[in-house]
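J.: Generate a structure from the sequence data that follows.
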Amino acid sequence: MNKDSCIHLFAGGCGGTMGAIATCPLEVVKTRLQSSTFSVMMGAPLPPAAAPRYSNSTTCNTLPPRRRLCTSAARACTSQVVHLSHNMQAPDPSRGHPRTLSLMHCLRYIVAEEGPRALWRGLGPNLVGVAPSRAIYFCSYSQMKKFLNSHLHSSKDSPLVHIMSASCAGFTACTATNPIWFVKTRVQLDINKEGHKISTSECIRNIYHTKGIMGFYKGLTASYYGISETVIHFVIYEAVKARLQERRQANPNSRTSKDFLEFMVAGATSKTIASSLCYPHEVARTRLRECGVKYRGFWQTLGTVVREEGYHGLYRGLATQLIRQIPNTAIMMATYEAVVYGLTKYCEESEFYEEFDD
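T.: Predicted coordinates:
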C-alpha cells in the first residue's frame, strides 16, 4: 500500500470515529424509532395488522424451533418480547397509525426507563465498525477516483467519476463491515428495562448459534440499495467543495479555520440532501436486522411498512437522522480533510528536509 492510500485510510478512520462518538445518543434514538417495536413500548399503538401479538406465556419454548436457544444470549434477545407481553395493553384499533414520536420525548423515555447509559448502547461495536468502515470507504473512494481520472482524461473529476468512485467504495465498505453494523443494531434494540442487558459478545454468540455466519449479513441488500445515498452525497459534496475552493483561489497561501468550516458546510449540506432522498432504505435495513422472521427481504419489508403504517412509516426517525447526520457528517468530513492535509504536508516537508540533508 502506497503512502497516499495510508493517509486516506487513517484520515477516514479518524473522521468516522470522531463523528460516531459525538453523535452516539442520536444514533440510538434513530435506531429505536426505525424499529417496529419501540413505538409500541412508548404507547404509540400500531394498526391491528401491524401490532405485535404477545401472550403472557411467551417463552423461548413457544418460539418456532429454529429460534429456540438454550443460552443466556437467547433469553436476553427474547427478554424484550416477554417484557412487552407483561407490561403493555392491547393497541386500540381505532387510533390508526402510530403517532409521531419526538426526539426529546424519546430521549426522556430512554433515560427515565433505562438510565443515561442506555444512550450510549452500541457505542463499542459502533467504534469497532466506524473506523474500518470509513477507512475502507475513503481509501477505496480516493483510489478509484485516482484510477478513473488517469484513464478517463475527458471526464476528469466529472460527476461520472464521483458516481463510479462512490459506488465502488460503498459496495466495498458495506460488504466488509455489515456484520459489525448488524450486531450494533441488535444491541441498540435491546430495550428490556429490567434484568440482564445483552452484551456485544452475547449478541454475537446468539446470532451465530441461530443463523450461522450468514446471519451476520442480514440487511446487506438494503445496505446495497443505500449506496445510492452515498453516491448522491459525494457527488454533491465534490461539487460544493469545488465551488468553495474556486472562491478561495485568490488566497491560496494557507488553510485557516475558515477552510475547516467550509468543509463542514459542504459535508453537512450534501449529506442532508442525500439522507432525505434515500431514507426509506435505512428503515428497511433496521427492520431486517430485528429479531424475528416478519421482515424477509428489502422490497417485502418496504411493502409491509407501507401497508401497516402508511407511507410516513418509511420516514420514521428522519428528523432525528438529519439532526444526527448534520453534525456527524460535518465533523467526519472536516476531520478527514484536516487529517489528509496535515499528513500530506508533514510527508512533503519530511521529504524536503531529507533531500536537503542529502
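
J.: Tell me how far the strand or helix carrying Ser150 lies from the chain's centre.
T.: Taking DSSP states H and E as the definition, one finds Ser150 inside helix 123-151. Per C-alpha atoms, centre = their mean, to the nearest Å, the displacement of helix 123-151 from the mean C-alpha position of its chain is 15 Å.

J.: elements contacting that helix?
T.: helix 3-22, helix 24-34, helix 159-188, helix 318-357 (3 or more C-beta pairs under 8 Å, 6 or more residues apart in numbering; DSSP states H and E). To be clear about C-beta, it is placed using only N, CA and C from the backbone, and glycine gets the same treatment.

J.: between the ones you listed, which one is nearest to Tyr208?
T.: Closest approach to Tyr208 among the helices and strands packed on helix 123-151 (C-beta to C-beta): helix 159-188, 10.1 Å.

J.: relative to helix 3-22, how tilted is the closest one?
T.: Helix 159-188 runs at 40 degrees relative to helix 3-22, counting by axes from the mean of the first three to the mean of the last three C-alpha atoms, to 10 degrees.

J.: switch to numbering from 829
T.: Renumbered: residue one is now 829, and that last one reads helix 987-1016.

J.: mean confidence for helix 987-1016?
T.: Taken as a whole, helix 987-1016 has an average pLDDT of 89.

J.: and what of stretch 1025-1044?
T.: On average, stretch 1025-1044 scores 88.

J.: So what would you say the end-to-end distance of it is?
T.: 20 Å (C-alpha to C-alpha, to the nearest Å).

J.: Next, count neighbours for Ala1070.
T.: Using other C-beta atoms under 10 Å, Ala1070 has 12 other residues around it.

J.: element containing it?
T.: Going by DSSP H and E, Ala1070 is part of helix 1055-1075.

J.: So which other helices or strands are in contact with that helix?
T.: By 3+ C-beta pairs under 8 Å, 6+ apart, helix 1055-1075 packs against helix 987-1016, helix 1085-1106.

J.: Let's have those in CSV, adding distance to Ala1166 and mean neighbour count.
T.: As requested, those are exported to CSV (distance: least, C-beta to C-beta, whole Å; neighbours: other C-beta atoms under 10 Å):
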stretch, distance to Ala1166, mean neighbour count
helix 987-1016, 20, 21
helix 1085-1106, 6, 18
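
J.: Tabulate the ones you listed (TSV), appending distance to Cys934.
T.: Converted to TSV, those look like this (distance: least, C-beta to C-beta, whole Å):
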stretch	distance to Cys934
helix 987-1016	12
helix 1085-1106	18
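
J.: wait, which of these is closest to Gly1138?
T.: It is, among the helices and strands packed on helix 1055-1075 and with distance given as C-beta to C-beta, helix 1085-1106, at 18.3 Å.

J.: following the closest one, which helix or strand shows up next?
T.: Heading C-terminal from helix 1085-1106 (DSSP H and E), you reach helix 1108-1116.

J.: so where is the stretch 1029-1178 of the chain shaky, pLDDT-wise?
T.: 1078-1087 (pLDDT under 70).

J.: can you rerun that using 50?
T.: Within the stretch 1029-1178 of the chain, no stretch has pLDDT under 50.
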